[in-house]
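*Asks:* following is a predicted model, sequence given first.
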Amino acid sequence: MSKRVERAEKTGVIALRDEGLTELPAKLFQIKSLRVCDLTNNKLKKLPAPLGRLSMLTSLTLDSNQLKALPD
């Protein structure tokens, strides 16, 4: 995953589809230039509040997860 994070720091785009994620990796919140994040088809039940600090994020895809609520 570290190579994808490095690439995302340069491109502002990351795809973590079909990874079986139950929570988001902490490194994701360190990508200040992140604009597009695809988390399709994981096992996420909640999203952490730090997601809201990604001020450049314009597209967040969460299809096929197990989300019950969204953070404020």
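*Replies:* Arrived safely, thanks for sending. Keep in mind that this is a model prediction, so the values were computed, not measured.

*Asks:* now A8: which helix or strand?
*Replies:* Counting by DSSP states H and E, the secondary-structure element that holds A8 is helix 2-11.

*Asks:* report all helices and strands that that helix contacts.
*Replies:* Using 3 or more CB pairs under 8 Å, 6 or more residues apart in numbering; DSSP states H and E as the contact test, the elements touching helix 2-11 are strand 13-15. Placement of C-beta: from N, CA and C, glycine included.

*Asks:* touching the strand it packs on from outside, list them.
*Replies:* Residues from elsewhere that reach strand 13-15, judged by CB atoms under 8 Å, 6 or more residues apart in numbering: R4, V5, R7, A8, L28, I31, L34, R35, V36, C37, D38.

*Asks:* circling back: go ahead and name everything in contact with the helix holding A8.
*Replies:* Defining contact as CB under 8 Å, 6+ apart, one finds that helix 2-11 is touched by I14, A15, L16, P25, K27, L28, Q30, I31, S33, L34.
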